[in-house]
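Participant: Sequence below, structure please.
(one chain, ligands or ions: 1)
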Amino acid sequence: MVTMAHSSLIAILPGDGIGPEVTAEARRVLEALGLDLAFEEAPVGGAAYHQTGNPLPEATLDLAKRADAILFGSVGEPSCDALARHLRPEQAILGLRKELALFANLRPAKLFAGLEDASALRPEVARAIDLLIVRELNGDVYFGEKGMRTTDAGLRQGYDLMSYDEGEVRRIAIAGFAAAQRRRGKLCSVDKANVLETSQLWRDVVIEVAADYPDVALSHMYVDNAAMQLVRDPGQFDVIVTGNLFGDILSDQASMCVGSIGLLPSASLDEGGKGLYEPIHGSAPDIAGQGKANPCAAILSAALMLRHSLGQPAAADRIEAAVASALAAGHRTADLGGTCSTKAMGDAVLAAL
Ligand code: GGG
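Facilitator: Presented below is the predicted three-dimensional model:
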């Protein structure tokens, strides 16, 4: 945890689609706390591409590097669908994660009181959910060699190499064990070691790291089984540590177990405490600009930022309690079956602060 003696600079990168709407609410909540925070905003993703021809302009990257923490919205823009891969909005978030060495992605999922009816699961099953997915963020198919070629038979063939080296696995395993030590002491490592070479290495390295954490109960699960267990009995999980692709998929699944993808925040951390904080959801272009998006995931991401990068755990607790209280009072956006606008939901959280 980092304690800031000076005013903390927050880079706000709203991005595309609903990103600007939800980050605006998160910023309002941060401003209401009366902390010594400064904000600077810069374009990223499709918005940046349209302004500068680059989804991650130098000035945006420079701000992200200068800032004490980054609040990120979402990227993804249909008008960019036909662009070459290196120009697509999604390259901005991948580039930030790589450039800033943000390798550990924490994605907590817990059912808020009163949201049983919104969960895809039976109420008694949903109530037991209190888990943390630790997703590796700098490797896997996202960053392996990729391309398009023609086979000998003249067919187009796309490829994305899945690879991990043992150093990459070791540091995320350590992050997973450390998180389990701070929670209920259980770590489930999710892989596909019965089929994939990368997963066999993953499992071997996780077992090696386990020797340093005798107080953590380690288990292993194949990813297909983990997907099934997440809906059958999610209460069995405390911390799940897994690779980039598996973690991306499992955390979207976990979000519906607690009611909506609009509720799940995330922290992407480097080894020194710097972090990028973003809702796990994407840009949702179908509802962009309509004031329908749920800002809770972005607001809860701001809470994670206060806890993990800014040394303000009490302020983080305040935000989380305010979101819980606003939801318990019945304030809900459309994804949760309610009628609140994005701003009205932000107002409800502010009122509960
Ligand atoms: N706020 C999350 C977001 O913008 N997601 C869009 C996306 O492409 N994400 C890639 C990933 O999370 O790996």
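Participant: which residues of the stretch 101-250 of the chain fall in helices?
Facilitator: 123-126, 166-182, 197-210, 223-232, 244-257 (DSSP state H, counting those that start in this stretch).
Participant: of all those, which lies closest to the ligand?
Facilitator: Closest approach to the ligand among the helices of the stretch 101-250 of the chain is made by helix 244-257 (5.0 Å; C-beta to the nearest ligand atom). From N, CA and C alone the C-beta is placed, and that goes for glycine too.
Participant: Strand partners (parallel or antiparallel) of the very next helix or strand once past the closest one?
Facilitator: Downstream of helix 244-257, the next assigned helix or strand under DSSP states H and E is strand 267-269. Here strand 267-269 has these sheet partners by DSSP bridges: strand 104-110 (antiparallel), strand 275-277 (antiparallel).
Participant: chain center to strand 267-269, what's the gap?
Facilitator: 7 Å (C-alpha atoms, centre = their mean, to the nearest Å).
Participant: same question, stretch 78-97
Facilitator: 18 Å.
Participant: Could you list the alpha-carbon positions for it in CSV?
Facilitator: Output of stretch 78-97 as CSV, limited to C-alpha atoms (Å, rounded to 0.1, in the frame of the first residue of the first chain):
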residue,chain,number,x,y,z
PRO,A,78,-18.1,-0.2,-34.1
SER,A,79,-16.8,2.5,-36.4
CYS,A,80,-13.3,1.0,-35.9
ASP,A,81,-14.3,-2.6,-36.6
ALA,A,82,-12.7,-2.6,-40.1
LEU,A,83,-9.4,-1.2,-39.0
ALA,A,84,-6.1,-3.1,-38.9
ARG,A,85,-5.6,-4.8,-35.5
HIS,A,86,-2.9,-2.4,-34.3
LEU,A,87,-5.3,0.6,-34.8
ARG,A,88,-8.3,-0.9,-33.1
PRO,A,89,-9.5,0.6,-29.8
GLU,A,90,-8.8,-2.6,-27.8
GLN,A,91,-5.1,-2.2,-28.5
ALA,A,92,-5.1,0.9,-26.2
ILE,A,93,-5.9,-1.1,-23.1
LEU,A,94,-3.6,-3.9,-24.0
GLY,A,95,-0.8,-1.4,-24.7
LEU,A,96,-1.4,0.3,-21.3
ARG,A,97,-1.2,-3.0,-19.5
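Participant: any weak-confidence spans in this structure?
Facilitator: 1-6 (pLDDT under 70).
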